[in-house]
Each structure stands twice: as C-alpha cells, then as structure tokens.
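Novice: Here's a sequence, model it:
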Amino acid sequence: METAEIRRRWLTFFEAKGHTVVPSAPLIHEDPTLLFVNAGMVPFKPYFSGQETAPYDRATSVQKCVRTGDIDEVGKTSRHGTFFQMNGNFSFGDYFKREAITFAWQLLTTSQPEGGYGLDPERLWATVYEDDDEAEQLWLEITSIPAERIVRRDKADNYWHMGVPGPGGPCSEIFYDRGEEYGVDGGPAVDEDRFMEIWNLVFMQFDLSAVRSKTDFDIAGPLPAQSVDTGMGLERMASILQGVDNMYEIDEVYPVLEKAAEMTGRDYGTRSGQTAGDSHPDDVHLRVVADHIRSSLMLIGDGVTPGNEGRGYVLRRMLRRAVRAMRLLGYDEPALPHLMPVSMERMSASYPELRTGFDRIAQIAYAEEQAFRRTLASGTTILDTAVTKTKQGGGDTLAGAQAFALHDTYGFPIDLTLEMAAEHGLKVDRDGFVRLMDEQRQRAKADAKAKKGGHANTEVWKDLRSLGATDWRAYEELTTTGSIVGLVRDGARVEELEPGQTGEVVLDRTSFYAESGGQVADGGTIVVDGARLLVRDVQRPVKGLVVHSVEVLDGPVRVGAEASAEVDPQWRIDACQAHSGTHVVHAALRQVLGPSALQSGSYNKPGYLRLDFAWNQGLSADTRAEIEHVANLAVRDDLPVAADWMTLPEARDRGALALFGETYGEQVRVVEIGGEWSRELCGGTHVRHSSQIGALTLTGESSVGSGVRRLEAFVGMNALSHLATERALVAELSAIVKAPAADLPERVGELVARLREVEKELDKVRREQVAASAGSLTDTAREVAGVTFIGRHIAGGAPEDLRQMVTDARARLGEERPTVVALTGDGPGKPVIVIATNEAARTKGVRAGALVRVAAQVLGGGGGGKDDLAQGGGQDASKVEDALSAVERELGA
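Specialist: Got it, this is the predicted structure:
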C-alpha cells in the first residue's frame, strides 16, 4: 500500500467518524518556541491549553513535521529521520479512552478491501501507564489483545505533557511485532526495533500545576473537559504495510536512495544487516541523501531558504550534508538536479503544490549546491595552507580555532575537515572546536534573549490571554476606546506604570496594527485620564492577545483605567502605501520574470518596502527598469483594492498566492489589487486604490542567500524625496563636468577613459624606475657569513614594486653563490618587507619565510610565504632600517 493511500485511508476513516479534516499546517509555525512544527498536535496546542476554543469537537490531520535534534543519527537507525508525517485524531472535550481505543483497533485490524490497514491482531501489543487500570480494561474488553501483551510502563514512557503547566495525562501506545528476524522476543520493553511503536494515544485528563521535568510534575486536579491527542507515524506504518526494513525504503523515500545508488555505482543493502543499525557506511550515506533531499524539498516548499542562522541554517546544513554524502560516495558533480525531481515526483501525490512550485524550489536548492561547491574549493585551499603551517611548525594537530574558522566563515563541515586532515596525517583539536561552537551558541542565545526583551516570558501573556482575546479593530478604526486589562514591566505583571518608565500595555480593545506579515506595527499614543503613553511597538506574543510596548510620557497609569488607543493617521497612511506597494511590486515582478519569481519574504514600514523572491541571478538594469515601469503603471491606473474573508480552499481555488511559511486559520483574508492582477493572502493594512500608493521607485537589488534576491523601494513622499535627491545630484554633476544631464553618461565615460590612460602612463613610468633601481641594487651587494646580501629601503615602494625588484635583483646575481635580497618600502602608508632567496641559499638552510618573520616582528607586524619569496609588514615605518639589520644579523647568526 502506497504512503499516499495510507494517508487517504486515515483521513477518510476519521472523517466518517465525525472528525473535521484539517489540512497540514506549514512546517514554519507561529509558535515562537519552535523552529519547525515537530509534532502532529502543534497546530492544536491553543485548544488543548485553553487559550482558544476549538471550532470543532473532533478533528483529524496528517501533519508535516521536522525534527533535527538527532540529525547526526540519520541513516544509522530505522527510527531517525528529519522529515516525517504524523497522522492524528483529536477530541476536544468529546470522546475519550473508549472511543480512541475503538477507533485505533478498527482502523488497524479492518481488512484492506474494507478500507482498513489489515494488520494481524496477533502481532499487536499495547502499553498503558502503570496506574491506568481503566485503559488496560478497555484494551481487554474492546480488542483481542491478551493480558500478556498489554504492558504497564512508567512516566518516562507512558505519560505526556507539553513541558509547561497545563494539560497532561497518561498515554497508551500500540506496537507491532515485526518478527524474530528483527530482534529478541519479550515485547516493547525488551526490543523496540523488533516491536515498533506505530500509534500513541494520549489521554489528557489532568491539569498539571508544576512541571519540572518529563517525570517530575504536580497534578492540580482533573481537567474540566477530557481530551484525546493521538499520533501515528505515517512512515512507520508505510514500512510495515510495504514490507520493508525501515523508513528509508518506503515508496516516498527509496526512489531517491535508488537514484543516488545508481549515480554513485553503489549496491544498496548488499553489505548490511537486517536492521539499519547493522548498516555498511555506504548505506548510511545513501539514507542520509534520501532523507535530507526529501526534508529539504518540503522545507523549501514551505518557504524556508538557506541561511546562516535559525531555520535557514538547518536547511543549509541538510542540503550540504546531502551533497557531502554524495561526495563521500565518490560523486563530485552537481547532484541535486538529478535527485530533487525524483523526490518531488513521489511527494507531490500527497502535496500537489510541490509540483506547481518546483521551479522556485529547484532554483533555491541548486543555487545552494553551487555555493557549497565553491565553498569546498575555497575551503580546501585554506585547509591546505593550515595543514602546511601545522606541519612546518612540527605539530600533528590542526587547531580547533582553524577548524572553527573553516566552519563558521566558509561553511566547511567539521567532518570534512576531520577527513581531509587525516589524509594529511593530522588530527584535529575537536575539543577546541566544540568549545568555540558552544561559545557561539551561547552568544546567539543571549542575542535572541535580548531581542525578545519583555516578550520572553510567555507565561505572563498566557495568563493575560485567559482573561479574554483582544478586540482588534485595526482594519476598521484608527481610534478606539476601552480599558487597560494588564500592565507588564520587566516580564512581570504590575498594577501601575509611572512617568519615564517603559513597559507593556494590554487593552481589551485596540486599533493598533500588531507587527505581522512583514508589516511593522503602528505608531501613535494611548491616552489614559490625562496620561499619555507613546506606543513604540505592538506585538502578539500569544495568539489572540495584542500587546503595546510603551513609554509613559505623563502618568501614572493603572490597571482598569479607561484608555483611548489613537493610531498616528499619517503613520497608517504611509504604512498602507508601503504594504500595497509590496503587493504591486510582487505582481510586477511575476509579470516580468514569470510565475516562478515568488515572494519568499517581505518587510515594509512607512515609506519603504523590501521584497525577497526566488531567483538565481541578479537582475539587469533594463529588467529592474521594466519592473518599476509595470509597477508604476498599476499605480497610475488607479486599480481598486479589495479585501475579503473566505476559507483557505476557496482562496486557493481563486488563485490567491500564499506567503510561504505563514500559518493560516480556518478563515483567511484575500487582498486583491485590480482583481486577478494581484491576489494574495494577507493580513496587512492597505490603501483603497492603487493610485494612493503615490510614487514608487526601486532603490536596490541584491542577493540575500543562495537562490534568493531582494528588491528595495521607496513609496509615497519617501519616493519623491529620493527622486529629488537624485535630481540634485545630477544637477551638481552636470555643473562639475560642464555638460547637460542627457550627456552625463558620455561625458563621465570620457573622463574615466582619460583617467585610465593617465594611470597606464604613470604605471609605465613607475615600472621603468623600478627596473632602473633594480639594476643599481646589485652594486650594493655585500657578503654576510658566506651569503651575498642586498638590504635596502625603497622610499614609496609598494609591495608589487618590491616583489618585482627582489626577483629581478636575484636573477642578476645568478645561482653561483647563496643570495638573499631584502627590500623594505613604505607604500601605501605602512611599512612592508619582501625577501627573495636563490636555490644556493636555500640549500644552505636560508629561507625567505623565516627571515620575513624576523623582520616583520621588528616592524610590529607579521608575515610569511614560501622559502624562495616571502612578504611581511607592520605598523612602525621608522623601524625599516632596524628590520633590515635584523635580517643581516639572522644571516650571520
């Protein structure tokens, strides 16, 4: 049974049982504590925690998930994979243990012709929490599983909670016996390779008041409404129903593995044992490729782009691990163009949007592979240099700082550094590398904590949210009246804020737009009984709650006081211009470049916008001009701007574009500009007609990552100010070069050409002077300890001049006697020394690199190079003669 069919049967079964089918949320979720959705229940957390009321009593989904905590274990076991799909059925105060167990048993054991999975009941085991007598009795009553195949387990295995105070309860897991070839008998407690967990039923029945660890928590009492959260690993079920050993061999993953094996000439599985843990290294590499290609496909499909931090770094690491694994298997050519389409073909059966968006996905993935190939080339050169220096110094270990620099600056994987160092007979200071990595992580955590500021403690906001959702009126009004529900300062609730203090204010009703969807928050004031609060930011730290970060200008202000939320009208107008301008630029971009140029991120604030989009090359000046022209035509045409609410399927049917990575609810807001010309899902504020955007001028286009470009623009008065500044600049240049504006390009071109000719003439004269000086240098040669030595300072000598002079002088002196030529210069600005030796000197043990280091130390700097030619420099130009004397003394030593 194909994985897509297993998925379809799940949804069909539970829909027939009265469950609402909920589409998978994107892998990027609004939960600030998660990089990615990592469990099937994540989109439903607000319902289980009581923050929101569920819009249905029963729901079912197949949720896309990514977990990367065990990324290094991928391919080594049958259980570790980065991307997976979690089948879930959920009850919100409706059914409980009896129905959950009944549903699970029916779907698992009903025959395949009748729509079930057709598992042999004799192979099924169940586990229950050690004190859950009710669950054990239900398993015995409802199913044919005998008592000896129902195992009681402790909190570590069979109790679930979210890691914070809130709902929790015992769980019951279902295991499938794969047979004696997979391990010893005895049930899940003995061998979880043979006995594979396929379904976990969580019974949320208690309110936990304190959660200190997985197994250490307090139970405050029963929940007012009992709920159910279950999860079945789709890939695990597929491996059972398809009769394969592990998730890497199911129909959605194996074709990529098979293609990689074909490309590398490897025979998968011929040298491995029955389980993934008994695998040959080649098989592990092939599994890494198959897993990471699929995960990368899904992440890019949901809007993640490669980067150096956060989600982007996870994606970059997976793509590069896949390329690296192919390299270890002997394949050095670009691999992703062969592998990514195979994964798309298999996954698009369940996610058809992968096919329609594949051009964009491929652009991003292939550009990242090309960037990594360049990284490998440059990193290899740098590593070779580090290896040479380590060996010259008599060492056998590459410094951890070198390995860290290769990883941090060049994206060079540590395992690649280890392998290549070993090829040169060197070890790597792994402990030093790990220490520097840990220090970097701590700095990143500190930065993230500082950026979160007052919003770091989500418990405060959850507490305030329990008092009710904010009545949010940003679309309808600029001024609203209400009352202060809560005040927060330094992460804790307070009753009062005084003049001069900063803090957060929660109102029961507000007209302020909270930052989201790339649009910054509104500016304005909150007026309270004569007190004024300047609003500096507005956020939604938890769903349904709007929080204003304020500075108290006059006060004090107290909880419960009546308040007037007053948005700055000009701020809102300018913000609307920018956000509508972003939609116009996006539509113009797609009209000019084609439908694959999809937005992958945006940022807009009053008067300014930027838009990131999938594209693998820079835009020409003509292309940028065309995009700007199309955008301004839309502004001129006074197109109507309309917003409408509808279901997500309805929006997709109408062709609305969704911003990748955004999470959408049951109802979505669609913003249209000129009807079909621009139709996007958007929660921002907008103008009513495109002409209200005013002027729009593109100011820049650049790369922000592999396969991602960025356009920047000014709108409204900011655009006019920018154009006025450019006009003044053109007028000033016209006056300087004495030419009308229309002739400026030709006139400036002539001046630049003349300047280049003059530079060539000056360079010719300089080279002639250098040659003449080199000829006279040989007249100053003297003998030092059996070595012919020239040591002189060349006033104004640049490094390139000195290199030419020392090599020319060395050639003039010949190879009969040991020769050293050392010249110092002081151009441009800092002292420099260049030393050359001939073969006879090097035979005697005289090396240019060693001499340069001696001289550079005198100059207050450093240097190095090869034995025959080396260069150094420093800070103190007054020491050049002392540096030459140091070289002479070193020769005589």
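
Novice: Assign a three-state SS to residue 403, would you?
Specialist: When classified by DSSP: H, G, I helix; E, B strand; the rest coil, residue 403 comes out as helix.

Novice: That one touches residue 414, doesn't it?
Specialist: Yes - Residue 403 is within contact range of residue 414, at 6.1 Å (criterion: C-beta atoms under 8 Å). Placement of C-beta: from N, CA and C, glycine included.

Novice: Compare neighbour counts for these two and give me the winner.
Specialist: The neighbour count for residue 403 versus residue 414, taken as other C-beta atoms under 10 Å, is higher for residue 403 (25 against 17).

Novice: now that one: how far from residue 373?
Specialist: The gap separating residue 403 from residue 373 is 20 Å, by C-beta to C-beta, to the nearest Å.

Novice: Tell me which residues touch the residue nearest the centre of the chain, please.
Specialist: Residue closest to the average C-alpha location in the chain (C-alpha atoms, centre = their mean): residue 312, at 1.3 Å. By C-beta atoms under 8 Å, 6 or more residues apart in numbering, the contact set of residue 312 is 304-306, 705.

Novice: Spell out the secondary structure type for it.
Specialist: helix.

Novice: could you measure it against residue 706, distance?
Specialist: In this structure, residue 312 and residue 706 are 10 Å apart, going by C-beta to C-beta.

Novice: can you check residue 163 too?
Specialist: Counting by C-beta to C-beta - residue 163 and residue 706 are separated by 35 Å.

Novice: what's around the residue nearest to residue 52 when sequence neighbours are not counted, how many residues?
Specialist: Nearest residue to residue 52, sequence neighbours excluded (C-beta to C-beta, 6 or more residues apart in numbering): residue 46, at 4.2 Å. As a burial measure, residue 46 scores 18 neighbours (other C-beta under 10 Å).

Novice: what is residue 84 paired to in the beta sheet?
Specialist: Note on residue 84: beta-bridge partners residue 65, judged by DSSP bridges.

Novice: Who are the packing partners of the helix or strand harbouring residue 768?
Specialist: Using DSSP states H and E, residue 768 maps to helix 744-777. Using 3 or more C-beta pairs under 8 Å, 6 or more residues apart in numbering; DSSP states H and E, the elements in contact with helix 744-777 are helix 716-737, strand 787-794, helix 799-813.

Novice: any idea how far residue 110 is from residue 599?
Specialist: Per C-beta to C-beta, residue 110 is found 45 Å from residue 599.

Novice: Those two: which is more packed in?
Specialist: Taking other C-beta under 10 Å, residue 110 and residue 599 do not tie; residue 599 has more neighbours (25 against 16).

Novice: Backbone dihedrals for that one, please?
Specialist: Main-chain torsions, residue 599, degrees, to the nearest 10: phi -60, psi 130.

Novice: One more: residue 122?
Specialist: Torsion angles at residue 122 (phi, psi; degrees, to the nearest 10) stand at phi -70, psi -10.

Novice: tell me, how many neighbours does it end up with?
Specialist: Applying other C-beta under 10 Å, we find 10 residues neighbouring residue 122.

Novice: hey, what's in contact with both of residue 403 and residue 414?
Specialist: 428, 430, 433.

Novice: ok, those residues vs residue 420, which is closest?
Specialist: Taking C-beta to C-beta as the measure, residue 420 sits nearest to residue 428 out of the shared contacts of residue 403 and residue 414, at 9.5 Å.

Novice: Surely the closest one is in contact with residue 395?
Specialist: No - taking contacts as C-beta under 8 Å, residue 428 lies outside contact range of residue 395: 11.4 Å.

Novice: For the closest residue to residue 682 other than its chain neighbours, give me its contacts.
Specialist: Closest residue to residue 682 apart from its sequence neighbours, by C-beta to C-beta, 6+ apart: residue 671 at 4.3 Å. Going by C-beta under 8 Å, 6+ apart, residue 671 touches 583, 641-643, 678-682, 684, 686.

Novice: Show me which of the residues you listed is closest to residue 155.
Specialist: residue 681 (42.5 Å).

Novice: is the closest one in a bridge, and if so with what?
Specialist: Beta-bridge partners, per DSSP bridges, of residue 681: residue 670.

Novice: Can you check what pLDDT the model gives it?
Specialist: Listed pLDDT for residue 681 reads 93.

Novice: Kindly report the same for the one 4 residues further on.
Specialist: In the predicted model, residue 685 carries a pLDDT score of 96.

Novice: and the nearest residue to it once chain neighbours are set aside, what does it touch?
Specialist: Leaving aside its sequence neighbours, residue 685 sits nearest to residue 576 (C-beta to C-beta, 6+ apart; 5.0 Å). The contact partners of residue 576, taken as C-beta under 8 Å, 6+ apart, are 685-687, 692.

Novice: Can you name the residues that contact residue 841?
Specialist: Residues near residue 841 by C-beta under 8 Å, 6+ apart: 787, 818-820.

Novice: could you redo the last one with a cut-off of 6 Å?
Specialist: The contact partners of residue 841, taken as C-beta atoms under 6 Å, 6 or more residues apart in numbering, are 818-820.

Novice: Check residue 127 too.
Specialist: 151, 153, 158, 173, 188.

Novice: Could you do residue 518 as well?
Specialist: 602-604.

Novice: what pLDDT does the residue lying closest to it once chain neighbours are set aside get?
Specialist: The shortest distance from residue 518 to any residue other than its chain neighbours is 3.8 Å, reached at residue 602 (C-beta to C-beta, 6+ apart). pLDDT recorded at residue 602 is 91.

Novice: Residue 602 in helix, strand or coil?
Specialist: Applying three-state DSSP to residue 602 yields a three-state assignment of strand.

Novice: Hmm, residue 54 and residue 94 touching each other?
Specialist: No - with contact defined as C-beta atoms under 6 Å, residue 94 and residue 54 do not form a contacting pair (9.5 Å).

Novice: Tally up the residues packed near residue 725, please.
Specialist: Residues lying near residue 725 (other C-beta under 10 Å) number 10.

Novice: residues in contact with it?
Specialist: Contacts of residue 725 by C-beta under 6 Å, 6+ apart: none found.

Novice: And it, how far from residue 694?
Specialist: Taking C-beta to C-beta, one finds residue 725 at 16 Å from residue 694.

Novice: Likewise for residue 412?
Specialist: Distance from residue 412 to residue 694, by C-beta to C-beta: 48 Å.

Novice: same question, residue 474
Specialist: For residue 474, the distance to residue 694 - C-beta to C-beta - is 22 Å.

Novice: any idea whether residue 655 is helix, strand or coil?
Specialist: coil.

Novice: Give me the nearest residue to it, chain neighbours excluded.
Specialist: Nearest non-adjacent residue to residue 655 (C-beta to C-beta, 6+ apart): residue 679, at 5.9 Å.

Novice: Name all residues that make contact with the one you found.
Specialist: 655-656, 672.

Novice: that older thread, filter the contacts of residue 671 down to just the buried residues.
Specialist: Among those, those classed as buried by 16 or more other C-beta atoms under 10 Å are 583, 641, 678-682, 684, 686.
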